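J.: Compute the structure for the input listed below.
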Amino acid sequence: MRFRDFVLLLAGLFIFFAIAAVVFFPPHVSRMSFASKGCVGVISIEGEITYGGGSFMSSQALSRDVVKQIKNAEEDSGVKAILVEINSPGGSSVASKEIYEAVKKTNKPSVAYLSEVAASGGYYVASATDFIVSNPNAITGSIGATATLLNYQELFGKIGLREETIKSGELKDIGSGARNMTEKERLLLGEIINESFDRFRDDVLASRGNRLNRAAFNEILDGRILSGTQAQRIGLVDSLGVREDAIEKAGELAGIKNPDVCDMKPSRGLLDVLLGYSTEFVQGIISRLSSKRVGLRYE
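T.: Prediction:
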(Lines give C-alpha, C1' and ligand atoms only; values in the text may rest on other atoms or scores of the structure.)
Protein backbone atom coordinates (compact mmCIF):
# COMPACT_ATOMS: atom_id res chain seq x y z
CA MET A 1 0.00 0.00 0.00
CA ARG A 2 1.35 3.40 -0.98
CA PHE A 3 1.87 6.00 1.75
CA ARG A 4 -0.74 8.30 0.18
CA ASP A 5 -3.34 5.52 0.23
CA PHE A 6 -2.47 4.73 3.83
CA VAL A 7 -3.00 8.36 4.87
CA LEU A 8 -6.35 8.48 3.04
CA LEU A 9 -7.40 5.27 4.76
CA LEU A 10 -6.57 6.69 8.17
CA ALA A 11 -8.44 9.91 7.37
CA GLY A 12 -11.47 7.91 6.27
CA LEU A 13 -11.45 5.84 9.44
CA PHE A 14 -11.21 8.97 11.56
CA ILE A 15 -14.19 10.55 9.79
CA PHE A 16 -16.19 7.32 10.18
CA PHE A 17 -15.55 7.09 13.91
CA ALA A 18 -16.21 10.82 14.36
CA ILE A 19 -19.65 10.45 12.74
CA ALA A 20 -20.35 7.34 14.79
CA ALA A 21 -19.39 9.22 17.93
CA VAL A 22 -21.91 11.97 17.17
CA VAL A 23 -24.68 9.44 16.49
CA PHE A 24 -24.10 6.96 19.29
CA PHE A 25 -22.31 9.08 21.91
CA PRO A 26 -23.79 12.59 21.81
CA PRO A 27 -21.99 15.15 23.97
CA HIS A 28 -23.48 15.82 27.36
CA VAL A 29 -24.45 19.45 27.66
CA SER A 30 -26.23 19.46 30.99
CA ARG A 31 -25.23 18.54 34.50
CA MET A 32 -27.35 16.54 36.91
CA SER A 33 -29.96 18.72 38.54
CA PHE A 34 -29.90 18.74 42.31
CA ALA A 35 -32.47 19.36 44.97
CA SER A 36 -33.53 22.92 45.59
CA LYS A 37 -31.04 23.18 48.46
CA GLY A 38 -28.25 23.39 45.88
CA CYS A 39 -24.85 21.76 45.76
CA VAL A 40 -21.15 22.34 46.35
CA GLY A 41 -19.38 22.83 43.03
CA VAL A 42 -16.08 20.91 42.98
CA ILE A 43 -13.20 22.23 40.90
CA SER A 44 -10.13 20.00 40.74
CA ILE A 45 -6.60 21.30 40.16
CA GLU A 46 -4.52 18.23 39.40
CA GLY A 47 -0.88 18.31 38.34
CA GLU A 48 1.24 21.18 37.07
CA ILE A 49 -0.53 24.53 36.77
CA THR A 50 0.06 25.79 33.26
CA TYR A 51 -1.13 28.58 31.01
CA GLY A 52 -0.75 27.03 27.58
CA GLY A 53 -1.91 23.74 26.17
CA GLY A 54 -0.41 20.42 27.11
CA SER A 55 -0.40 16.84 25.95
CA PHE A 56 -3.28 14.61 27.04
CA MET A 57 -0.61 12.17 28.21
CA SER A 58 0.52 14.57 30.94
CA SER A 59 -1.26 15.69 34.08
CA GLN A 60 -1.77 19.43 33.92
CA ALA A 61 -4.25 22.02 35.14
CA LEU A 62 -4.78 24.64 32.44
CA SER A 63 -5.61 28.03 33.92
CA ARG A 64 -8.15 28.91 31.23
CA ASP A 65 -10.10 25.70 31.94
CA VAL A 66 -10.03 26.21 35.70
CA VAL A 67 -11.06 29.87 35.40
CA LYS A 68 -13.94 28.87 33.13
CA GLN A 69 -15.14 26.32 35.68
CA ILE A 70 -15.01 28.96 38.42
CA LYS A 71 -17.09 31.34 36.29
CA ASN A 72 -19.58 28.58 35.50
CA ALA A 73 -19.95 27.84 39.21
CA GLU A 74 -20.45 31.54 39.91
CA GLU A 75 -23.20 31.80 37.28
CA ASP A 76 -24.96 28.53 38.16
CA SER A 77 -27.77 29.24 40.62
CA GLY A 78 -27.72 25.61 41.72
CA VAL A 79 -24.14 25.91 42.98
CA LYS A 80 -24.19 27.45 46.45
CA ALA A 81 -20.50 27.08 47.35
CA ILE A 82 -17.22 26.24 45.63
CA LEU A 83 -14.69 23.61 46.70
CA VAL A 84 -11.26 23.89 45.07
CA GLU A 85 -9.58 20.51 45.43
CA ILE A 86 -5.81 20.83 44.94
CA ASN A 87 -3.17 18.22 44.21
CA SER A 88 -0.48 20.30 42.52
CA PRO A 89 3.17 21.23 43.07
CA GLY A 90 2.54 24.60 41.42
CA GLY A 91 3.69 25.75 38.01
CA SER A 92 3.42 28.88 35.90
CA SER A 93 3.34 32.10 37.92
CA VAL A 94 1.02 33.66 35.32
CA ALA A 95 -1.43 30.75 35.40
CA SER A 96 -1.40 30.60 39.21
CA LYS A 97 -2.16 34.32 39.44
CA GLU A 98 -5.06 34.05 36.98
CA ILE A 99 -6.69 31.26 38.98
CA TYR A 100 -6.04 33.10 42.25
CA GLU A 101 -7.83 36.20 40.95
CA ALA A 102 -10.77 34.18 39.61
CA VAL A 103 -11.29 32.52 43.00
CA LYS A 104 -10.87 35.84 44.80
CA LYS A 105 -13.56 37.51 42.69
CA THR A 106 -16.26 34.91 43.21
CA ASN A 107 -19.17 35.99 45.40
CA LYS A 108 -19.93 32.47 46.60
CA PRO A 109 -18.39 30.83 49.68
CA SER A 110 -15.18 29.04 48.72
CA VAL A 111 -13.16 26.33 50.44
CA ALA A 112 -9.85 24.77 49.42
CA TYR A 113 -8.89 21.18 50.16
CA LEU A 114 -5.17 20.38 50.12
CA SER A 115 -4.74 16.70 49.34
CA GLU A 116 -1.39 15.08 48.43
CA VAL A 117 0.50 18.21 47.39
CA ALA A 118 -0.57 21.86 47.34
CA ALA A 119 2.75 23.64 47.23
CA SER A 120 3.89 26.97 45.81
CA GLY A 121 1.40 27.90 43.05
CA GLY A 122 -0.95 25.24 44.40
CA TYR A 123 -1.02 26.96 47.78
CA TYR A 124 -1.21 30.38 46.09
CA VAL A 125 -4.55 29.36 44.58
CA ALA A 126 -5.77 27.92 47.90
CA SER A 127 -5.00 31.15 49.74
CA ALA A 128 -7.66 32.96 47.70
CA THR A 129 -10.47 30.89 49.23
CA ASP A 130 -12.46 31.75 52.35
CA PHE A 131 -11.38 28.64 54.26
CA ILE A 132 -8.59 26.07 53.81
CA VAL A 133 -8.83 22.45 54.92
CA SER A 134 -5.65 20.40 54.63
CA ASN A 135 -4.98 16.72 54.97
CA PRO A 136 -2.51 16.58 57.88
CA ASN A 137 -0.09 14.64 55.68
CA ALA A 138 -0.31 17.01 52.70
CA ILE A 139 2.81 18.77 51.45
CA THR A 140 2.34 22.52 51.13
CA GLY A 141 4.25 25.77 51.60
CA SER A 142 7.17 26.32 49.20
CA ILE A 143 6.26 30.00 48.92
CA GLY A 144 8.58 31.60 46.40
CA ALA A 145 9.48 31.97 42.73
CA THR A 146 12.12 30.34 40.53
CA ALA A 147 13.54 30.53 37.02
CA THR A 148 15.61 27.56 35.86
CA LEU A 149 18.06 27.85 32.98
CA LEU A 150 19.96 25.07 31.22
CA ASN A 151 23.64 25.67 30.44
CA TYR A 152 25.03 23.39 27.73
CA GLN A 153 28.24 25.31 26.98
CA GLU A 154 30.56 22.52 28.19
CA LEU A 155 28.57 19.87 26.33
CA PHE A 156 28.80 21.85 23.09
CA GLY A 157 32.55 22.18 23.63
CA LYS A 158 32.96 18.42 23.98
CA ILE A 159 31.08 17.59 20.80
CA GLY A 160 32.51 20.45 18.75
CA LEU A 161 29.46 22.69 18.47
CA ARG A 162 29.34 26.43 19.04
CA GLU A 163 26.37 28.78 18.97
CA GLU A 164 26.81 32.30 17.61
CA THR A 165 24.23 34.99 18.39
CA ILE A 166 24.02 38.38 16.69
CA LYS A 167 22.11 40.69 19.00
CA SER A 168 20.96 44.29 19.10
CA GLY A 169 21.76 44.83 22.76
CA GLU A 170 23.91 43.48 25.57
CA LEU A 171 21.02 41.74 27.32
CA LYS A 172 19.01 40.61 24.27
CA ASP A 173 19.98 36.93 24.61
CA ILE A 174 19.69 36.72 28.37
CA GLY A 175 19.25 33.12 29.45
CA SER A 176 21.15 31.63 26.52
CA GLY A 177 22.37 28.16 27.38
CA ALA A 178 25.36 28.45 25.06
CA ARG A 179 27.34 30.58 27.51
CA ASN A 180 27.67 31.38 31.19
CA MET A 181 25.41 34.07 32.58
CA THR A 182 26.98 37.43 33.32
CA GLU A 183 26.67 39.04 36.73
CA LYS A 184 24.56 41.83 35.22
CA GLU A 185 22.14 39.27 33.78
CA ARG A 186 21.99 37.41 37.07
CA LEU A 187 21.09 40.60 38.93
CA LEU A 188 18.40 41.49 36.38
CA LEU A 189 16.75 38.08 36.60
CA GLY A 190 17.02 38.19 40.38
CA GLU A 191 15.09 41.46 40.47
CA ILE A 192 12.30 40.00 38.35
CA ILE A 193 12.13 36.82 40.44
CA ASN A 194 12.04 38.80 43.68
CA GLU A 195 9.28 41.02 42.30
CA SER A 196 7.21 37.93 41.52
CA PHE A 197 7.95 36.51 44.97
CA ASP A 198 6.89 39.78 46.63
CA ARG A 199 3.56 39.63 44.80
CA PHE A 200 3.03 36.03 45.93
CA ARG A 201 3.87 36.89 49.55
CA ASP A 202 1.71 40.03 49.60
CA ASP A 203 -1.30 38.20 48.14
CA VAL A 204 -1.03 35.50 50.80
CA LEU A 205 -0.76 38.16 53.51
CA ALA A 206 -3.80 40.00 52.16
CA SER A 207 -5.88 36.82 51.88
CA ARG A 208 -4.96 35.22 55.19
CA GLY A 209 -4.87 38.45 57.20
CA ASN A 210 -4.81 38.10 60.97
CA ARG A 211 -5.09 34.32 60.74
CA LEU A 212 -1.35 34.26 60.03
CA ASN A 213 1.34 34.11 62.67
CA ARG A 214 3.46 36.81 61.04
CA ALA A 215 6.73 35.92 62.77
CA ALA A 216 6.40 32.24 61.86
CA PHE A 217 5.27 33.17 58.35
CA ASN A 218 8.39 35.27 57.78
CA GLU A 219 10.57 32.33 58.80
CA ILE A 220 9.15 30.03 56.12
CA LEU A 221 9.62 32.55 53.29
CA ASP A 222 12.89 30.78 52.47
CA GLY A 223 10.84 28.47 50.25
CA ARG A 224 10.69 25.45 52.54
CA ILE A 225 7.94 22.87 52.24
CA LEU A 226 5.58 22.17 55.14
CA SER A 227 3.24 19.42 56.21
CA GLY A 228 -0.42 20.28 56.55
CA THR A 229 -0.02 20.14 60.32
CA GLN A 230 2.90 22.58 60.28
CA ALA A 231 1.00 24.91 57.95
CA GLN A 232 -1.94 25.03 60.35
CA ARG A 233 0.32 26.10 63.22
CA ILE A 234 1.48 29.07 61.16
CA GLY A 235 -2.00 30.00 60.00
CA LEU A 236 -1.59 29.05 56.35
CA VAL A 237 -4.35 26.47 56.89
CA ASP A 238 -7.57 26.83 58.89
CA SER A 239 -8.24 23.21 59.83
CA LEU A 240 -7.00 19.67 59.30
CA GLY A 241 -9.22 16.99 57.82
CA VAL A 242 -10.12 14.94 54.79
CA ARG A 243 -12.10 15.71 51.65
CA GLU A 244 -15.46 15.07 53.28
CA ASP A 245 -14.65 17.64 55.95
CA ALA A 246 -13.92 20.22 53.27
CA ILE A 247 -17.23 19.46 51.54
CA GLU A 248 -19.07 19.76 54.84
CA LYS A 249 -17.37 23.10 55.55
CA ALA A 250 -18.33 24.45 52.12
CA GLY A 251 -21.92 23.41 52.79
CA GLU A 252 -21.81 25.05 56.21
CA LEU A 253 -20.64 28.35 54.71
CA ALA A 254 -23.50 28.13 52.21
CA GLY A 255 -26.07 27.17 54.84
CA ILE A 256 -26.53 23.62 53.51
CA LYS A 257 -26.59 20.48 55.66
CA ASN A 258 -25.32 17.24 54.11
CA PRO A 259 -24.58 18.98 50.81
CA ASP A 260 -24.55 17.25 47.46
CA VAL A 261 -21.50 17.78 45.27
CA CYS A 262 -21.48 18.65 41.60
CA ASP A 263 -18.40 18.30 39.43
CA MET A 264 -17.82 21.54 37.54
CA LYS A 265 -15.67 19.86 34.92
CA PRO A 266 -17.71 19.88 31.69
CA SER A 267 -19.08 16.54 30.56
CA ARG A 268 -17.70 15.46 27.21
CA GLY A 269 -18.93 13.04 24.61
CA LEU A 270 -16.67 10.64 22.74
CA LEU A 271 -16.20 13.11 19.87
CA ASP A 272 -15.10 15.82 22.29
CA VAL A 273 -12.59 13.42 23.80
CA LEU A 274 -11.16 12.37 20.42
CA LEU A 275 -10.88 15.92 19.14
CA GLY A 276 -9.64 17.21 22.49
CA TYR A 277 -6.86 14.63 22.65
CA SER A 278 -5.62 15.45 19.17
CA THR A 279 -5.80 19.21 19.78
CA GLU A 280 -4.01 19.00 23.13
CA PHE A 281 -1.33 16.76 21.61
CA VAL A 282 -0.59 19.28 18.84
CA GLN A 283 -0.72 22.21 21.26
CA GLY A 284 1.70 20.43 23.55
CA ILE A 285 4.22 19.98 20.75
CA ILE A 286 3.88 23.61 19.64
CA SER A 287 4.21 24.82 23.23
CA ARG A 288 7.46 22.93 23.69
CA LEU A 289 8.91 24.01 20.35
CA SER A 290 8.08 27.67 20.92
CA SER A 291 8.85 27.89 24.65
CA LYS A 292 10.92 30.81 25.92
CA ARG A 293 14.25 30.35 27.62
CA VAL A 294 13.16 32.12 30.77
CA GLY A 295 9.86 31.68 32.58
CA LEU A 296 8.86 32.44 36.17
CA ARG A 297 7.59 29.53 38.19
CA TYR A 298 5.78 29.10 41.49
CA GLU A 299 7.06 25.61 42.28
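
J.: What's the separation between R214 and S134?
T.: As defined by C-beta to C-beta, to the nearest Å, R214 lies at a distance of 20 Å from S134. All C-beta spots, glycine's among them, are computed from the backbone N, C-alpha and C.

J.: which one of these two has more residues nearby?
T.: When R214 is set against S134 and neighbours are counted by other C-beta atoms under 10 Å, the residue ahead is S134, at 32 against 12.

J.: For the closest residue to the more buried one other than its chain neighbours, give me its contacts.
T.: Distances taken as C-beta to C-beta, 6 or more residues apart in numbering place G228 nearest to S134, at 3.5 Å, with adjacent residues excluded. If you count contacts by C-beta atoms under 8 Å, 6 or more residues apart in numbering, G228 has them with L114, S134, N135, P136, N137, A138, I139, T140, V237, L240.

J.: mind redoing it with 6 Å?
T.: In this structure, G228 makes contact with S134, N135, P136, A138, L240, judged by C-beta atoms under 6 Å, 6 or more residues apart in numbering.

J.: S92 reaches Y51, doesn't it?
T.: Yes: contact criterion C-beta atoms under 6 Å: S92 and Y51 qualify, at 4.9 Å.

J.: Okay, and the residue most central in space within the chain sits in which element?
T.: For the chain, I49 is the residue whose C-alpha lies nearest the centre (C-alpha atoms, centre = their mean; 2.3 Å). Secondary-structure assignment from DSSP states H and E places I49 in strand 48-50.

J.: gap between stretch 185-202 and the chain center?
T.: Chain-centre distance of stretch 185-202: 20 Å, with C-alpha atoms, centre = their mean, to the nearest Å.

J.: picking up where we left off before, with distance to L149 as added columns, please give the contacts of G228 in CSV.
T.: As requested, the contacts of G228 are arranged in CSV below (distance: C-beta to C-beta, whole Å):
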residue, distance to L149
S134, 33
N135, 34
P136, 37
A138, 30
L240, 38
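
J.: Could you tell me which of these count as buried?
T.: Among the contacts of G228, the ones that count as buried by 16 or more other C-beta atoms under 10 Å are S134, N135, A138, L240.

J.: what's the most distant pair in those?
T.: The two members of those with the most space between them (C-beta to C-beta) are A138 and L240, at 9.0 Å.

J.: if I look at the residue nearest to S134, how far off is A206?
T.: 22 Å.

J.: same check, this time on V237
T.: When C-beta to C-beta is applied, the distance between V237 and A206 equals 17 Å.

J.: ok, now A246?
T.: Applying C-beta to C-beta, one obtains 22 Å for the distance of A246 from A206.

J.: can you check Y124 too?
T.: When distance is defined by C-beta to C-beta, Y124 is 12 Å away from A206.

J.: which of those two has more neighbours?
T.: Using other C-beta under 10 Å, the more surrounded residue of Y124 and A206 is Y124, with 26 against 11.

J.: wait, what's in contact with the more buried one?
T.: When contacts are counted by C-beta under 6 Å, 6+ apart, Y124 touches S96, Y100, F200, Y298.

J.: Go again with 8 Å.
T.: Taking C-beta under 8 Å, 6+ apart as the contact definition, Y124 lies against G90, S96, K97, Y100, I143, F200, D203, V204, Y298.

J.: which one of those residues is nearest S168?
T.: K97 (30.4 Å).

J.: State the helix or strand in which the closest one lies.
T.: Assigned by DSSP H and E, K97 belongs to helix 93-105.
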